[in-house]
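[1] kindly return the folded structure for what I paste below:
(2 chains)
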2 protein chains.
Amino acid sequence: MNLEFARIARLQRRFRQPHPDVVAIGDDAAVLPPSSEALVLTVDASVEGVHFRREWLSWREVAMRAVHAAASDVAAMGGDFASHSAGLLFALELPTEGFSEGDFDELIEGLALAAESLNAQVLGGNLARAASSHVSITTTALGVVRGPKLLRSGAVPGDSLCVTGPVGAAAVGLRALIAQREAEPAFARFVQAWRHPRAHLEAGSELTRIATACIDVSDGLLQDASHLALASHVGLEITSSRIPMLEGQRSAALALAGDALALALTGGEDYVLLFTSKNPENYCTIGRVTAGTGVRVDGVEIGTAAPSLGWDHFKT
Amino acid sequence: MNLEFARIARLQRRFRQPHPDVVAIGDDAAVLPPSSEALVLTVDASVEGVHFRREWLSWREVAMRAVHAAASDVAAMGGDFASHSAGLLFALELPTEGFSEGDFDELIEGLALAAESLNAQVLGGNLARAASSHVSITTTALGVVRGPKLLRSGAVPGDSLCVTGPVGAAAVGLRALIAQREAEPAFARFVQAWRHPRAHLEAGSELTRIATACIDVSDGLLQDASHLALASHVGLEITSSRIPMLEGQRSAALALAGDALALALTGGEDYVLLFTSKNPENYCTIGRVTAGTGVRVDGVEIGTAAPSLGWDHFKT
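    Numbers count the residues shown, from 1 in each chain, chains lettered A, B, ... in the order given. Take a look at the predicted model:
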């Protein structure tokens, strides 16, 4: 049996059987039952050397991170995977050298654990040889959404601007990894935040009820806020002191010669949801929606789509 | 405006607007209306240096090939894109050097043309920097399927074994490209077959009516036949003289020091559909389904999943 088939056999064993009405791994494509709910569909790539370095994560963590990052886009639309018509596909590009069968099994284990944590069926995928020595995981996430559409557009002046969790912790963790200080206890929770992000699926589902607009914070709070402002044709006013952070975040950032606020504004990869609402219930309010355009922090105009607000894949 | 946003703006302009009920490019994920039909979902990668070399194709052709290869898996399940709940997503990994804005526009043009030829909405995608100097296109295809399920399993002894088009032409064309003889008129139609494959979507839809099992020929006739035999728990008997080829295929293969039959059996990338049926109507019958296991050609047992029947991504 050739290596590709042997690997497919192993991952078929590891992934949970989907619902009997579903055709998954082992045919040309997955077949899903009709859906009475609207569908949410997204794709997201996690590329070694671009999104992560293998020294920073186990293969299991690489896989879990990739899946949660993709699922976060489903969460931002208010979707989840609680349907037989929903699930995940994984397209893996794997180098022939420097990536063992043990590494493959670790990666598959991470994909399976992430799918289980999201309550998502694994529907199939694709195995290809990588063009270089770098691993790439491209996750396709198909979710369902109940209730009204939750988009980037829809924010109205007067709404509160809110987040579903702490911001900037992952960016502090990434700095600790770059500085090779990830073993120091002061950085543990931040490294953990970067290594083990989770998609805010439950919050996303709740937000279909109360939010007027929503986006996930993947590229940096300012950049993602700019996207929301632009799509909604509004301005956003953030009060920096209200941005929620983890305990010790400011001192940890300082110890790494960084500024916790700057990292929170531009860091990204927290995968919390940023949303606007007339009634944000218990979620953390960090600002408000105004007339006009652009994003202001403590009254200072930042502008929309400024070049260095966050992550640009093609910046050289 | 940063380069990623500028590119997103350009591709938003080029791709046709989807149906007004659909949320596509520009939000965190696509939102599709509920589907009363079963869904077909697949993902397929096309990696430079693995699936193609840039000397062999224009960027427009690279893109069209990638999309049709992914759509072929939808065709093999009897699905198509004629629904507001169906469409395509493109995850692109693009190098920062050696890939110009003109190349990007050519690639996008190819994706758009392929989507139009498939009557498929473009729903979104992902742009990432490549880890190497190689381009990678990962296509997610979401189709719908009417009528009974069309799977690899379901073939019954006594059924005819059939194909929806000529086999091995693409493999001859690939040989001509490798030999740098693609400009010779004798090879033109074969190079064309390799460069411009098309997913057999219409045939696939028809086959839901008449076929008992189906697979697309992407990895080589023997390997794909083996998959079908294994999934259906049957044997397959192929009569080599009945395999349809293009005019001049034998002499073109010979001129390239190849054997047309061997290339047809192992070459792959024709993207015709291989199916079994009690009543194959006007399709070309190349053999029959038998009891037992494995694939025989002219009475010679080839075995299932033999190591060199076709493409193995991890063969070194």
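[2] residues of stretch A:190-210 that come out buried?
    A:190-191, A:193-195, A:197-201, A:203-208, A:210 (16 or more other C-beta atoms under 10 Å in any protein chain shown). Every C-beta, even on glycine, is put in place using the N, C-alpha and C of the backbone.
[3] tell me the mean pLDDT for that stretch?
    Averaged over stretch A:190-210, pLDDT sits at 96.
[4] repeat that for stretch A:51-66.
    For stretch A:51-66, the mean pLDDT works out to 96.
[5] how about that stretch: buried residues?
    Neighbour-count burial for stretch A:51-66, counted by 16+ other C-beta under 10 Å, picks out A:51-52, A:54, A:56-57, A:59-66.
[6] center of chain A, which residue is that?
    For chain A, the residue nearest the mean C-alpha position is residue A:69 (2.6 Å; C-alpha atoms, centre = their mean).
[7] might one say that that residue is in contact with residue A:217?
    No: between residue A:69 and residue A:217 there is no contact under C-beta atoms under 8 Å: 11.4 Å.
[8] need the overlap of contacts for the two.
    Common contacts of residue A:69 and residue A:217 (C-beta atoms under 8 Å, 6 or more residues apart in numbering or on different chains): residue A:271.
[9] for the residue nearest to residue A:40 when sequence neighbours are not counted, give me its contacts.
    Take residue A:40 and drop its neighbours on the chain: the residue closest to it by C-beta to C-beta, 6 or more residues apart in numbering or on different chains is residue A:79, 3.6 Å away. By C-beta under 8 Å, 6+ apart, the residues touching residue A:79 are A:40, A:86, A:143-145, A:201, A:204-205, B:29.
[10] now residue A:260
    Contact analysis of residue A:260 by C-beta under 8 Å, 6+ apart lists A:168, A:172, A:245, A:249-250, A:252-254.
[11] could you report the neighbour count for residue A:178?
    Close neighbours of residue A:178, defined as other C-beta atoms under 10 Å in any protein chain shown, add up to 12.
[12] just the element for residue A:280, please.
    Here residue A:280, judged by DSSP states H and E, is contained in no helix and no strand.
[13] list the contacts for residue A:253?
    Counting by C-beta under 8 Å, 6+ apart, residue A:253 touches A:168, A:172, A:175, A:259-260, A:263.
[14] and it, helix, strand or coil?
    Assigned with DSSP: H, G, I helix; E, B strand; the rest coil, residue A:253 falls in the helix class.
[15] and the residue nearest to it when sequence neighbours are not counted, how far from residue B:141?
    Using C-beta to C-beta, 6+ apart and skipping residues adjacent in sequence, the residue nearest residue A:253 is residue A:260, 3.8 Å away. Here residue A:260 is placed at a distance of 43 Å from residue B:141 (C-beta to C-beta, to the nearest Å).
[16] repeat for residue A:177
    According to C-beta to C-beta, residue A:177 and residue B:141 sit 36 Å apart.
[17] so between these two, which is more surrounded?
    Neighbour count, other C-beta under 10 Å: between residue A:177 and residue B:141, residue B:141 has more, with 28 against 19.
[18] okay but that one is in contact with residue B:68, surely?
    No: between residue B:141 and residue B:68 there is no contact, the gap being 10.0 Å when judged by C-beta under 8 Å.
[19] where do the contact lists of these two overlap?
    Overlap between the contact sets of residue B:141 and residue B:68, as judged by C-beta under 8 Å, 6+ apart, is nil.
[20] tell me which helix or strand comes right after the one helix or strand residue A:214 maps to.
    Per DSSP H and E: residue A:214 is located in strand A:211-216. Downstream of strand A:211-216, the first helix or strand assigned by DSSP H and E is helix A:221-232.
[21] so is that following helix next to chain B?
    Yes: interface with chain B: helix A:221-232 contributes residue A:231 (C-beta under 8 Å from any C-beta of the partner chain).
[22] domain parsing for chain A?
    Domain assignment of chain A by automatic domain parsing yields the ranges A:7-145, A:160-301.
[23] contact partners for the closest residue in space to residue A:35 that isn't next to it in sequence?
    Using C-beta to C-beta, 6+ apart and skipping residues adjacent in sequence, the residue nearest residue A:35 is residue A:85, 3.7 Å away. Residues near residue A:85 by C-beta under 8 Å, 6+ apart: A:32-35, A:37, A:39, A:142, A:144, B:35, B:39.
[24] for the stretch 101-250 of chain A, what lies in contact range of chain B?
    Contacts of the stretch 101-250 of chain A with chain B, taken as C-beta under 8 Å from any C-beta, map to A:123-132, A:134, A:136, A:138, A:140-143, A:145, A:149, A:151-152, A:214-216, A:231.
[25] which residues of the stretch 1-150 of chain A score low on pLDDT?
    Within the stretch 1-150 of chain A, the stretches with pLDDT under 70 are A:1.
[26] what's the end-to-end length of stretch A:72-84?
    Using C-alpha to C-alpha, to the nearest Å, the gap from the first to the last residue of stretch A:72-84 comes to 19 Å.
[27] quick revisit: got the angle for the strand holding residue A:214 vs helix A:221-232?
    140 degrees (axes from the mean of the first three to the mean of the last three C-alpha atoms, to 10 degrees).
[28] mind listing the strands strand A:211-216 pairs with, and their directions?
    strand A:273-277 (antiparallel) (DSSP bridges).
[29] what about the strand it pairs with, average pLDDT?
    98.
[30] that one: which residues count as buried?
    A:273-277.
[31] helix, strand, or coil at residue A:247?
    Per three-state DSSP, residue A:247 ends up coil.
[32] what about it, how many neighbours?
    Burial of residue A:247 is recorded as 9 neighbouring residues (other C-beta under 10 Å).
[33] equivalent analysis for residue A:105, please.
    16.
[34] from chain B, how far out is the nearest residue to it once chain neighbours are set aside?
    Excluding the flanking residues, the one nearest residue A:105 by C-beta to C-beta, 6+ apart is residue A:10, at 6.7 Å. Look at residue A:10 and chain B: by C-beta to the nearest C-beta, to the nearest Å, they are 13 Å apart.
[35] does residue A:10 count as helix, strand or coil?
    With three-state DSSP as the criterion, residue A:10 reads helix.
[36] first-to-last residue distance for stretch A:241-261?
    Terminal-residue distance, stretch A:241-261 (C-alpha to C-alpha): 9 Å.
[37] so which bits of that stretch are buried?
    Neighbour-count burial for stretch A:241-261 [16+ other C-beta under 10 Å]: A:243-246, A:248-250, A:252-253, A:255-256, A:258, A:260-261.
[38] chain A: helices as residue ranges?
    Remark: helices assigned in chain A by DSSP state H are A:3-14, A:59-76, A:101-117, A:169-178, A:188-195, A:201-210, A:221-232, A:249-255, A:260-266.
[39] so residue A:143 sits right up against residue A:74, yeah?
    Yes: at 3.9 Å, residue A:143 and residue A:74 qualify as touching, with contact defined as C-beta under 8 Å.
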